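1. sharing a model that was predicted from the sequence below.
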Amino acid sequence: MVLKFYPSTFVRGGSAIVALALAEKQVPYEHVLVKMDAKEHKTPEYMAKHPFGQVPMIDDDGFIVYESRAICRYIAEKYRDQGPDLLPTGLKERALVEQAAAVEYATFHPAVIAIAKEAVYKPRRGLPIDQAVLDEAVKELSAKLDVYEVILSKHRFLGGDEFSLADLCHYAYGPLLADYGLDIMTSKGPNVTRWWKELMSRPTWVKLKEEGYKGTVN
Ligand SMILES: N[C@@H](CCC(=O)N[C@@H](CS)C(=O)NCC(=O)O)C(=O)O
């Protein structure tokens, strides 16, 4: 049975990285529309599968997985023999990719979310931006990216010379910054700029942004 993918309405957040992992691995899937406006993710039927009542979620022939990064790992392992190797099997190569993926979740993700809370979510709710809070959040991300600059001066991608799950996880919220006029990802050092431009022009990502979630089976 074809894999069922329950994403958010827009290509962003955890749903974006799951969709990208599916595209990279050329996995056919059925796009299950979750009407979040109608709170379909809070129905007893949905919450029986995902107890936090969130998206994304996958149903792989009755096997349910939620939490976007866990789903991406599952896809990377299950479809190891197709598409790019997102999780290398060599002990040291794998450790370096996991190290970079942990940096994304523990460092990059909270810093970007702090910016988004101020610059994106507040205006969306009609609340004024607190410039001092936003400046501090940008400063925080900027300091993290200074470290990224050092790492990326040594290899092409974050976990080594190959594109991996660690890079892929950055598509969750990183692109949101430019969408809202913050060009921080391409105004830091040359290596961060090179890396980010390469990520943003990756064909699977460009196609996903253009077409949205387009299940291959519907
Ligand atoms: N850590 C989770 C976060 C999931 C999440 O926050 N999903 C949001 C949409 S992007 C959601 O379902 N929000 C509705 C809610 O929490 O009620 C993941 O990466 O899968």
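-> Alright, I've got the coordinates. Residues are numbered from 1 along each chain as shown.
2. so what's the backbone phi/psi at D60?
-> Backbone torsions of D60, given as degrees, to the nearest 10, read phi -100, psi 90.
3. please name the bridge partners of it.
-> Here D60 sits in beta bridges with F63, going by DSSP bridges.
4. and this protein, which residues reach the ligand?
-> Within the chain, the positions near the ligand by C-beta under 6 Å from any ligand atom are S8, G13, G14, H41, G53, Q54, V55, P56, E67, S68. For the C-beta atoms, the positions are set from N, CA and C on the backbone; glycine is no exception.
5. could you flag which of these are buried?
-> The neighbour count (16 or more other C-beta atoms under 10 Å) marks S8, G13, G14, H41, G53, Q54, V55, P56, E67, S68 as buried among the residues of the chain next to the ligand.
6. where's the second one relative to V120, distance?
-> Translated: G13. 12 Å (C-beta to C-beta, to the nearest Å).
7. equivalent analysis for E98, please.
-> Distance from E98 to V120, by C-beta to C-beta: 29 Å.
8. pLDDT on stretch 63-83, on average?
-> Averaging pLDDT along stretch 63-83 gives 98.
9. give the contact list for the residue nearest the centre of the chain.
-> Nearest to the mean C-alpha position of the chain, by C-alpha atoms, centre = their mean, lies A172 at 2.5 Å. Residues in contact with A172 (C-beta atoms under 8 Å, 6 or more residues apart in numbering) are R12, G13, G14, A16, I17, S68, H109.
10. how is the chain carved up into domains?
-> By the assignment in automatic domain parsing, the chain contains the domains 3-85+205-211, 91-202.
11. ends of stretch 154-172, how far apart?
-> 24 Å (C-alpha to C-alpha, to the nearest Å).
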